[in-house]
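A.B. asks: Here is my input; please provide its structure:
(one chain, ligands or ions: 1)
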Amino acid sequence: MNALYSLLFVFLLVLIPLFGVGAAHLNSLFGASIPYLAFCIFLIGFVYKVFTWARTDVPFRIPTTGGQFKSFDPVMFKQNKLDCPQTGAQTFFRMVLEVFAFRSLFRNTAVSLHETKDGPVVAYKSSKWLWLFAITFHYSFFIIALRHLRLFLEPIPFLPVGALEFVDGILQIGAPTLYLTDAGLVLGVLLLLGRRLINARINYISYVSDFFPLFLILAIALSGIYMRYYAKVDVIAIKELTMGLATFHYVIPESINVSFFVHVFLVSCLMAYFPFSKLMHLPGVFLSPTRNMPNDTRAKHHVNPWNDPKIKAHAYADYEKEFGVVMAEAGLPLDNPENGKAPEEADA
Ligand code: HEM
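C.D. replies: Below you'll find the predicted structure:
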């Protein structure tokens, strides 16, 4: 049901510019006002969220670890520098691999029950599919976004835009040449969608907010592909419009096909939706305390900034001095047996 609602909602979004431009000729509204408004919502919302997260106290060291901590015997117990980073540099490298290679997803495992002659046993095995779908999707999206800079820059810089266009179209299939990332994006979204639809357990925990961005991005990709390969839109006129938007002197040429307005309207919806959605994992990964903190709790003394300065710290040694007698009576072990003696006993 959640998938159906999301799909229907995206269909409705497609209809809005089709009527708005195709029938009501509100070209300036859909070509300039809505994209500007959406960009402002995106920028303000994004910055506001990031600032709020950055200002939030992180009173505890809570890095996620998956390997050996630095030990007193480095030969016998070798530190796993990436899975248990203890310095800023080690944490930085772990973060680089996380951001560029989705390393934690690569380490993903799936648990299943295996029937044996002695009964069922629990088995864990490596599961790389999600990583493959995710990396295809994200890299395709990223490269397409970078390639789009050619619409907003004049002259078009060879690095990264021209070079990416060249490599992306290197197979020279069809005219205009097929971009590998176009196929990658559509395939990536379909695989991620298929996973949520087909896997019963994932389907059970999927909300509209999980399906909607996938359908919306699919619609953006399909409208872009339609423009490039089928409608063969007037890219010169579109560049006039996009350069106008970038320089705040907007013009709306007449010869632009309505499919462009659909594409831009869907992108505007994505921009306006972005700061309020799960897509904020983009900046979130950098601000996640489980990722961006070195695991040095046994090497450094960290003080909780929430500690009330009026309350004096009570170390265990003091605690034992205060309650040692009753602890001894209750048969609890003491670090210092002297603390277990009553004062007169100790004096004697
Ligand atoms: C979320 C951001 C966007 C995504 C994912 C996206 C996706 C795509 C895709 C997959 C294509 C097919 C051809 C290609 O890969 O170049 C395309 C084409 C196109 N997009 Fe986008 N797009 C986005 C944003 C925009 C924006 C902001 C504009 C302009 C205001 C725009 C204008 C165009 C145009 C004019 C084409 C046709 C290019 C041609 O004919 O060569 N897109 N888009």
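A.B. asks: What residues does the stretch 201-348 of the chain have near the ligand?
C.D. replies: Proximity of the stretch 201-348 of the chain to the ligand, by C-beta under 6 Å from any ligand atom, involves residues 220-221, 224-225, 227-228, 233, 235, 238, 242, 260, 263-264, 267, 270. (Each C-beta comes from the backbone N, C-alpha and C, glycine too.)
A.B. asks: Looking at those residues, which one is closest to the ligand?
C.D. replies: Checking those against the ligand with C-beta to the nearest ligand atom, the nearest one is Gly224 at 2.3 Å.
A.B. asks: how many other residues sit next to that closest one?
C.D. replies: Number of residues near Gly224 (other C-beta atoms under 10 Å) recorded here: 22.
A.B. asks: What is the burial count for the residue lying closest to it once chain neighbours are set aside?
C.D. replies: Excluding the flanking residues, the one nearest Gly224 by C-beta to C-beta, 6 or more residues apart in numbering is His263, at 5.6 Å. The tally of other residues near His263 (other C-beta under 10 Å) stands at 24.
A.B. asks: Contact partners for Leu37?
C.D. replies: Leu37 is in contact with Ser268, Ala272, counting by C-beta atoms under 8 Å, 6 or more residues apart in numbering.
A.B. asks: in what helix or strand does it lie?
C.D. replies: Using DSSP states H and E, Leu37 maps to helix 34-55.
A.B. asks: how much distance is there from that helix to the middle of the chain?
C.D. replies: How far helix 34-55 lies from its chain's middle: 16 Å, per C-alpha atoms, centre = their mean, to the nearest Å.
A.B. asks: Flag every buried residue along it.
C.D. replies: For helix 34-55, a neighbour-count test (16 or more other C-beta atoms under 10 Å) marks Ile34, Pro35, Ala38, Ile41, Phe42, Gly45, Phe46, Lys49, Val50, Trp53 as buried.
A.B. asks: Need those in a markdown table (columns: distance to Ile135 and pLDDT).
C.D. replies: A markdown table is the format used below for the buried residues of helix 34-55 (distance: C-beta to C-beta, whole Å; pLDDT from 0 to 100):
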| residue | distance to Ile135 | pLDDT |
| --- | --- | --- |
| Ile34 | 32 | 98 |
| Pro35 | 29 | 98 |
| Ala38 | 28 | 98 |
| Ile41 | 29 | 98 |
| Phe42 | 25 | 98 |
| Gly45 | 27 | 98 |
| Phe46 | 23 | 98 |
| Lys49 | 25 | 98 |
| Val50 | 24 | 98 |
| Trp53 | 25 | 96 |
